[in-house]
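> Pasting the sequence and the predicted coordinates here, then a few questions.
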Amino acid sequence: MEQSFLADYGITLMVFLPLVGAAIMMMVPGKNEEAHKTIALATTVITGIIGGWMVVDFYRLGSAKWSELSYLIDRPWINIINARYTVAVDGISVPLIALTLLVVPLVIVYSWNHIPQPGNTKAFLMLTLVLHTGMLGSFVAQDLVLFFVFFEVVLLPMYFMIGVWGGENRLYAAIKFFLFTLFGSALMLVSFLALYWVTGGTTFNMVGLAEAVQSNDVKLSTQVLIFAGMFLGFGIKVPMFPFHTWLPDAHTQAPTQGSVILAAVLLKLGTYGFIRIAIQILPEASIKWAPWIGLLAVIGIIYGALGCLAQTDMKRLIAFSSVAHMGYVMLGIATMTDFGLNAAIFGMVAHGLITGLLFFVAGSIKERYHTLEIKRLGGLLISAPRMGWILGLATMASLGLPGLAGFWGEFPAILAAYSPQEGISVGLFRVYMVVAAIGTVLAAGYLLWLLQRTAFGRPSEEFENDPAITDVVPTEWIAWVPLLALIVLLGFVPGLIFDMTDGPVTVLTDALAAAGK
Amino acid sequence: MNLLLAAEAVAVPTVFNYVWLIPAVMAASFLFILFFSKRLSIKPHLVGVPAVVGSFLFALVIAFSWIGYNGDVNEAQAGPISCAGGEVAVGGSNHDTEAAAEGEGEGEGGGESGHGEQRFSPCPVVNDVTWFQNGGPASEGGSDITVGTLVDGQSVLLLVVVTFISGLVHVYSTDYVAGDRRYTHYFAFLSLFTASMLFMVLSSSTLQLIVGWELVGVCSFALIGHWWEEKPNSDAALKAFLTNRVGDIGLLVGMIILYFGAGKTFDIVAINEAAISGAISKNTLLVAGLFLMAAVMSKSGQFILHTWLPDAMAGPTPVSALIHAATMVVAGIYLIGRLYAVFFIGFGISGGTLNAMALIGGITTVGAGALAFVQDDIKKVLAYSTVSQLGYMVLALGVGAYTAAFFHLFTHAIFKAALFLGAGSVSHACHHSFDMKKDMGGLRKFMPKTFWTFVIASGALAGIPPLAGFWSKDEILVGAGAFPGTGGNGTYWVPFIFGMIAAGMTAGYMVRVIWLTFFGEYRGHETPHESGPLITTPLIILAFGAVFAGLFNIPEGFPVLGSRIGEKFIRWVEPSGISSFPTIGHAKPSVALALLATIIGLATGLLVWTYYSKLYAKDKLATEVTGGLRDKNRLARAGHKLLVEKYYLDHLYTGVIAGGTKGPVARAAYWFNQNVLDGIINAAGTGSTIIGRFVYRFIDQGAIDGAVNASGFGAESSGEVLRKVQSGKIRQYATLMFAAAALLAAVFIVAV
Amino acid sequence: MFLNQFLFFAAILFSIGVYGVLTRKNGVLVLMSIELILNAVNINLVAFGALHQDISGQVFVLFVIAVAAAEVGVGLAIVLLIFRNRRSINVAEADLLKG
């Protein structure tokens, strides 16, 4: 009974429940803010319970099943183009789904007394719920059209979140975000359609397409071109150098909740797309593109770090650090090896937790100090000691300290670069490896520098006796403790994710190894 | 074969399965102190001290078990043992039970010189659990990444040293740090540090070693920056962390090379075996070794990455004693020892005359020794002395004197901890100042216990017989193999000379410290006082250690004592006759060399002593000569300036490299981002707007809208015409209708 | 055959009806003229029906008569309303539908 319920409805229910919640909220008058918060939280919690049930159930299926698609639902959808409603999960998507299921309720809890200007709780929370559906949907979709729809569903709420609730320069940031992503997804769509037609126009199913590409003997040059479109689409979302310039603006201007969701989940859609779609369907083209992906990744690592060092605004610094961290994820992907891909997925989750936490803290600092200018901050450990400690732990995790989650995204990626997949230049990737290792020093540099100037020292005179500067409040505790706990837990028990991703990744790398020969 | 099977007969003590408890207890202590100590109002030292004392006692149990096991195996065994590396041990099994399955080991079994017979020690006892898997299950070609404990002589030694020094420092701190603004955090981090250090020491895989390595680094960061309100302290903490990060590049890359070289394994035993069996090429070993040397240089303060260590003295003094003298900084030595096969073969230590490791050690030991002469801060003198002694250890490993290096690590931990804690006691008396010239002098009258323990420890450091340092230092000098009649692994003249110079320097700067601190007239204000028993008791214990620790490894040939208690380190710590450790040669002790080194030491000491006593005779408060050599000779002045400026390395790092990266380079990158990349984007935006306007005005508004408007206009005007027909008069309509009908009729008629 | 006579008669009747529709100003007369036109058609239908021995001609005539009755009913009602509003039944003045 349970099994069949999960298998038949589990994913659908999980994905669309937030939309139902949003619909209910639509009927409640906007004045009743408490009701809206309750509904939104209840919706995400129920979604989380269903999803959590699925995740736990999936975990108990055992490692043999982790590399297969589970809870598969496959129904006709748009018959005329053979698009189907196909959703399922495997070991690659489950960690990311779990991350999404965790982060969104925390964001809503945090919103309890942190609704950004200009208010309007109803609209804000509804957008969050719509985002939730879009993100979950992207991670479960097994059909390119369905994936694309969910991928785009995410775009609009985020646009409004930045454009309405953002900072001073919000419109510029929102439009930049929107246009960049839309540009990418347009090219991505072209690639999807090209893929559909060159394989005979029979299916949009990801697995089916992967097989069709092999059986139809699609020319390598065609594959490489199709990959290019996806590369742009996903690369912009990641974001990879040099398509990253929307990110600092979006992050700086977005409200805290928007930044958290953006950093924790949205960026992962890009890297997830690389693994799930680009590599799975076009292994041969992936091998051809790998040196370029790797190059942009290591440029991103160094470049993001240098960008961080030049920042005077804390939030912008964290945003730039995302560029560097996603560089490690992309480097892991570019190696096309088991260790690299495992590291990439781990890195996605770790970055989601850590950078999410950093943005939360930055948001709370902004709320108390009304500024994020690093020069004016200082002595956080005196003014708000607990928050200072949390910031310290988050920066330590972010700089890849072993024993915390960040390390497992970084070190294995560097390790994998020593010996990339067959068919990829070894010498080149060894250079990348050293460059990436140098990046860890720069990461430590800018993060500790940030920590020193915000947390250490004594508070400046203007904030010394400011009554607005309080230590962590209960809603913040609720929102942050799960993140903190997971950062430490994953640091010491990396097998929680590695073991799960390893199976499906090995299937992928087998195909890549065959393609590289 | 039968003889090999005998190894099985010796059961591995089950207590080794529980060695993980030691770091676990310290970690639990950390968590308890951090989260509950304040809430339950339990004094943090009431948690920390029992935990560390318990750990020490358990470490002793492990040590005795190891000694017993070691002896049993040596007796039962008569041929080389293969430790069966390469295979990943699965939970609970250990390597040497598989030994019997392997055929004859390689090598003749060296280590003959100085010993009558071949000695066989047990393989490291490994207990692993799977951490995570990669590339599929191990059964299907993937690899299990494991975490676990590795017990052998080296790890047992470190286990005892770390828990011992940590225990004393805990006790000492209860008085020294009492009333500190963050007493609880201080003890929490002491516990965390001890846990991390033990975690690292017990590593069975290089990955675990990296984790522990970085964790001790972060504890060091937190404790150096303990008083982070003051910027110099947090600067020092940052410097320590960042310098270590630079070295960590080497650590990561080196370990990665070895991981792939040894066939995708992190297992330390397997890597060592692969290095010895030739599975990893010599060049790969050399490259990996050089990368790992970078890590050693940063962690163990070797030139040119040593600059953080003197700055690290910004932390509380007990922390300096524990972390920056006795334990954490020897992590680099530990790393070399742990992967000794890699270095030994990679650097071609056997039969060589010079290699990177010995050279780095040599330069460090002399370079830092020279710097120690110009420091006024007592802790900084000790810090440079630590750097110098660490250089000694690296030098020893570089010339193949493995046992000597670890023996020196052991004695150094004891007497250097004594010196640091003594310095802390002195500063406790002098209102928390560390400036020897301004605030000290003549203290021997006020604090005799501190004075005597300090002198004994200094003597040990300077290598005065029969104190501990004499034995270990002598062994290193002997191990260089250059002195006639010693004959170790090679003929290392250059390191040997460096070692001799450093031996002289050590005595010199220690006499300077003692004189400035304890002799002459008191130059500070108010009357200093002896410290309390919680501070002096650890000092006395350590002073005892500084006297007697050397007996553990006195040469066998030493009259009376040698044949009974000598060479315990060679027996207990140094692995021999196993497949995961290279066959190293042993040098013969030389009485002449011992005498020579002692004389050099005493002579320099005497020279410095005379200098200061003459000064004292002239002016009771003077601390340096005016109108001396430095004022007369330009070269001497330049040399002094070079030392005071610490070879200008700090200027290079902070000013040029860090400042450059943080300043111009980062700004340039950001400028590029804002102006070039964003410029392109914004230009694209502006360009599209312009194109958009053009399109709007001419195409959209002109052509397309034109057509639309035209059709609208056409419809309107035609309507204007046609509306005239719509007169509303029925008869007019009827007329039109009939006319049309008539017309149609006519058309039909004509057409048909 | 005497079909032609019927056809001539119907044509004359039709022409008289058309003349009446076009020239008369009185609404009632216009309606009556329309009645004439319809009857002209009826005669034609009956004549051709008889010629082809087809009963549908007569059937259709019956329909036309019924429709004509209805038409006159509605028409007279309109005329009556126009008269009520304007005190005149001059169709030339009823031009409110002018475009």
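Cool, got the structure.

> residue in chain A nearest to chain C?
residue A:80 (47.2 Å; CB to the nearest CB). From N, CA and C alone the C-beta is placed, and that goes for glycine too.

> interface residues of the stretch 1-150 of chain A facing chain C?
Counting by CB under 8 Å from any CB of the partner chain, no position of the stretch 1-150 of chain A is adjacent to chain C.

> can you list the weak-confidence ranges in the stretch 1-150 of chain A?
Within the stretch 1-150 of chain A, the segments meeting pLDDT under 70 span A:1-3.

> By proximity to chain B, which residue of it wins?
For the stretch 1-150 of chain A, CB to the nearest CB, closest residue to chain B: residue A:63, 7.3 Å.

> Residue B:137 is in contact with that residue, correct?
Yes: between residue A:63 and residue B:137 there is a contact under CB atoms under 8 Å: 7.3 Å.

> out of those two, which sits in the more crowded spot?
The neighbour comparison of residue A:63 against residue B:137 (other CB atoms under 10 Å in any protein chain shown) goes to residue B:137, with 18 against 15.

> Compute the number of surrounding residues for residue 53.
Since no chain was named, I'll use chain A. 15.

> that's the wrong chain, I meant chain C
Neighbours of residue C:53 (other CB under 10 Å): 7.

> and it, what are its phi and psi?
phi 60, psi 40 (degrees, to the nearest 10).

> separation between it and chain B?
Separation of residue C:53 from chain B (CB to the nearest CB, to the nearest Å): 26 Å.

> what's in contact with stretch A:142-153?
A:69, A:72, A:77-78, A:81, A:83-88, A:130, A:133-135, A:137-138, A:141, A:185, A:188-189, A:192, A:195-196, A:204-207, A:209, A:269, A:273, A:277 (CB atoms under 8 Å, 6 or more residues apart in numbering or on different chains).

> Using neighbour counts, pick out the buried residues of stretch B:460-474.
Using 16 or more other CB atoms under 10 Å in any protein chain shown as the test for burial, stretch B:460-474 gives B:460-464, B:467-474.

> Show the average pLDDT along it.
Over the span of stretch B:460-474, the pLDDT mean works out to 84.

> Please enumerate residues in contact with it?
With CB under 8 Å, 6+ apart as the test, stretch B:460-474 has contacts from B:385, B:389, B:392, B:404, B:407-408, B:410-412, B:414-416, B:418-419, B:456, B:459, B:499, B:503, B:506-507, B:510-511, B:545-551, B:553-554, B:589, B:593-594, B:597-598, B:601-602, B:605.

> one more time with 6 Å, if that's ok
For stretch B:460-474, contacts defined as CB atoms under 6 Å, 6 or more residues apart in numbering or on different chains pick out B:407-408, B:411, B:415, B:459, B:503, B:506-507, B:510, B:546-547, B:549-550, B:554, B:594, B:601.

> Need the max-distance pair from the residues you listed.
Spatially, the most separated pair among the contacts of stretch B:460-474 is B:510 and B:554, at 22.6 Å (CB to CB).

> Let me know the helix or strand that residue A:74 is in.
Assigned by DSSP states H and E, residue A:74 belongs to strand A:70-78.

> nope, residue A:349 is what I meant
helix A:338-369.

> That helix near chain B at all?
Yes: looking at helix A:338-369 against chain B by CB under 6 Å from any CB of the partner chain, the contacts come from A:338-339.

> Tell me which other helices or strands that helix touches.
Helices and strands touching helix A:338-369, by 3 or more CB pairs under 6 Å, 6 or more residues apart in numbering or on different chains; DSSP states H and E, are helix A:93-111, helix A:256-261, helix A:314-335, helix A:385-398, helix A:405-418, helix A:474-492, helix A:495-516.

> With chain B as the reference, name the closest of these.
Of all the helices and strands packed on helix A:338-369, helix A:495-516 sits nearest to chain B, with 3.5 Å by CB to the nearest CB.

> quick one: that closest one to helix A:474-492, angle?
Using axes from the mean of the first three to the mean of the last three CA atoms, to 10 degrees, one finds that helix A:495-516 and helix A:474-492 are set 60 degrees apart in direction.

> So what's the gap between helix A:495-516 and the chain middle?
Relative to its chain's centre, helix A:495-516 lies at 20 Å (CA atoms, centre = their mean, to the nearest Å).

> Tell me the buried residues within the contacts of stretch A:142-153.
A:69, A:77, A:83-88, A:130, A:133-135, A:137-138, A:141, A:185, A:188-189, A:192, A:195-196, A:204-206, A:209, A:269, A:273, A:277.

> show me the contacts for the closest residue to chain A within the stretch 301-450 of chain B.
Nearest residue of the stretch 301-450 of chain B to chain A, counting by CB to the nearest CB: residue B:305, 12.0 Å away. By CB under 6 Å, 6+ apart, the contact set of residue B:305 is B:243, B:247, B:297-298.

> now, which of the residues you listed lie within strands?
Here DSSP state E is the test, and the contacts of residue B:305 give no hits in strands at all.

> who wins for neighbours among those residues?
residue B:298 (28 neighbours).

> what separates the closest residue to that one other than its chain neighbours from residue B:389, distance-wise?
Among residues not flanking residue B:298 along the chain, residue B:247 sits closest, at 2.4 Å (CB to CB, 6 or more residues apart in numbering or on different chains). Residue B:247 sits at a distance of 19 Å from residue B:389 (criterion: CB to CB, to the nearest Å).

> Thanks a lot, see you next time.
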